[in-house]
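Visitor: Curious how this folds, go ahead:
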Amino acid sequence: MDLELRHLKTIRAIADAGSLTKAATALGLAQPALSAQLKRIERTLGGELFERGRFGVRATALGEFVLARARIVLPAVSGLQEEAERFSRVWQDRRGFRLGGTHGPLLGGLVDRLAAAYPDHPVSTYTSWSERDIAAQVADVRLDFALIGTCGASTPPESERLVWREVARDPVFVMLATRHPQAGASEVELGELAGEAWTDVPGDGCFGDCFTAACARAGFTPSSVYETDTASCVHLVQVGRAVGLCRATFPPTEGIVTLPLAGAPLYWRHLLGWHPETYAHDTAAGVLGHARAAHAAAAARSESYSAWLASPGADVG
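Guide: The predicted structure is shown next:
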């Protein structure tokens, strides 16, 4: 027989009552049944816990040892149960949305739509360049949803613990200064930019390797790639220091045009992920719908992307 919490409660009840008869009454048991249970507990623990006498029972040295531990373990377990129940009530009552996302317009669009659709439910955000960091926080239930991207058909992080659904699939565009020689084109061949420096936001996926491979297929190796924040990428493009890689939904920006690469050699999948064993699973369909609507709105705001989508044979992946 394995020792259980109920056995420790029985031992404590006997010690508090001072007799098996009184303890049996307090526990709602018949005295013979309690005596038989105590014997089984004593066999499990390797010796007698109480000395029986005319006036009741008294703990043995082993009994005192076990009681000392029981008086620590039982309140700790009771406190754990109370805290867990309190946490569960708060969690269920909160019913908000804790979103984690990489930097980009899609996260802002989703926040706006959720706040409008659920005005009584708080929406909070966490942003990181690391898709793995965001996914790990959702897997550990510190966030409810992950809104991230993956390059091509690569597997998203934490795929064994999270449910992932595709929000949208976009070609990767280039950002050029409005005075760039290619700025007026409808699309740009990657090889035509062989002599340029490049800029892009950082990440921990395979996008950098995929870009290098696409350049190799186009017959060149990038001279330099500046990985930095979005504002710095925009500045480097505006002043003509580099051309940028961006999502097709990149919003209109002064001094910059965004254009598709011919043949869509690179593409990006927007993904929504959640833990299947939390309440987020019950709201995931609605959140996914709002994420797709936010993406559609972002795509509609980009003239170059709208034109690409309307072009014959527009497809990625």
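Visitor: Could I get the full set of helices for the stretch 201-317 of the chain?
Guide: With DSSP state H, counting those that start in this stretch, the ranges of helices along the stretch 201-317 of the chain come out as 207-217, 230-238, 280-301, 303-310.
Visitor: closest to residue 78 out of these?
Guide: With CB to CB as the criterion, residue 78 lies closest to helix 280-301 of the helices of the stretch 201-317 of the chain, at 29.7 Å. In short, each C-beta sits where N, CA and C put it, glycine included.
Visitor: Pull the distance from the closest one to the chain's centre.
Guide: 17 Å (CA atoms, centre = their mean, to the nearest Å).
Visitor: May I have that helix as CSV, with CA atoms only?
Guide: The C-alpha trace of helix 280-301 is given here as CSV (Å, rounded to 0.1, in the frame of the first residue of the first chain):
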residue,chain,number,x,y,z
ALA,A,280,-7.9,29.9,-25.7
HIS,A,281,-8.8,26.8,-27.7
ASP,A,282,-12.5,27.7,-27.3
THR,A,283,-12.0,31.2,-28.7
ALA,A,284,-9.4,30.3,-31.3
ALA,A,285,-11.8,30.1,-34.3
GLY,A,286,-13.0,33.7,-33.6
VAL,A,287,-9.5,35.0,-33.1
LEU,A,288,-8.3,33.3,-36.3
GLY,A,289,-11.2,34.9,-38.2
HIS,A,290,-10.2,38.4,-36.9
ALA,A,291,-6.6,37.8,-37.8
ARG,A,292,-7.5,36.9,-41.3
ALA,A,293,-9.7,39.9,-41.6
ALA,A,294,-6.8,42.1,-40.3
HIS,A,295,-4.5,40.6,-42.9
ALA,A,296,-7.1,41.2,-45.7
ALA,A,297,-7.4,44.9,-44.6
ALA,A,298,-3.6,45.3,-44.5
ALA,A,299,-3.3,43.8,-48.0
ALA,A,300,-6.0,46.1,-49.4
ARG,A,301,-4.1,49.2,-48.1
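Visitor: which strands and helices sit next to that helix?
Guide: Packing partners of helix 280-301 (3 or more CB pairs under 8 Å, 6 or more residues apart in numbering; DSSP states H and E): helix 105-117, strand 145-151, strand 163-177, strand 267-274, helix 303-310.
Visitor: Pairing partners for the second one, with directions?
Guide: Looking at strand 145-151 with DSSP bridges, its paired strands and their directions are strand 97-101 (parallel), strand 267-274 (antiparallel).
Visitor: Residue 234: which of the helices and strands packed on helix 280-301 is closest?
Guide: Nearest of the helices and strands packed on helix 280-301 (CB to CB): strand 163-177, 7.4 Å.
Visitor: Next, format the helices of the stretch 201-317 of the chain as a markdown table and append distance to residue 250.
Guide: Output for these, formatted as a markdown table (distance: least, CB to CB, whole Å):
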| stretch | distance to residue 250 |
| --- | --- |
| helix 207-217 | 15 |
| helix 230-238 | 9 |
| helix 280-301 | 9 |
| helix 303-310 | 8 |
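Visitor: and the ones you listed as JSON lines, adding mean pLDDT and distance to residue 108?
Guide: Shown next, in JSON lines, are the helices of the stretch 201-317 of the chain (pLDDT from 0 to 100; distance: least, CB to CB, whole Å):
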{"stretch": "helix 207-217", "mean pLDDT": "92", "distance to residue 108": "21"}
{"stretch": "helix 230-238", "mean pLDDT": "94", "distance to residue 108": "12"}
{"stretch": "helix 280-301", "mean pLDDT": "92", "distance to residue 108": "8"}
{"stretch": "helix 303-310", "mean pLDDT": "89", "distance to residue 108": "17"}
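Visitor: Could you export the ones you listed as JSON lines, including distance to residue 132 and mean neighbour count?
Guide: JSON lines is the format used below for the helices of the stretch 201-317 of the chain (distance: least, CB to CB, whole Å; neighbours: other CB atoms under 10 Å):
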{"stretch": "helix 207-217", "distance to residue 132": "13", "mean neighbour count": "16"}
{"stretch": "helix 230-238", "distance to residue 132": "20", "mean neighbour count": "18"}
{"stretch": "helix 280-301", "distance to residue 132": "19", "mean neighbour count": "17"}
{"stretch": "helix 303-310", "distance to residue 132": "28", "mean neighbour count": "16"}
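Visitor: so can I have a markdown table of the strands paired with strand 145-151 showing mean neighbour count and distance to residue 8?
Guide: Shown next, in a markdown table, are those (neighbours: other CB atoms under 10 Å; distance: least, CB to CB, whole Å):
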| stretch | mean neighbour count | distance to residue 8 |
| --- | --- | --- |
| strand 97-101 | 23 | 38 |
| strand 267-274 | 23 | 39 |
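Visitor: possible to save these as a markdown table with mean pLDDT and distance to residue 181?
Guide: Converted to a markdown table, the strands paired with strand 145-151 look like this (pLDDT from 0 to 100; distance: least, CB to CB, whole Å):
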| stretch | mean pLDDT | distance to residue 181 |
| --- | --- | --- |
| strand 97-101 | 93 | 35 |
| strand 267-274 | 94 | 25 |
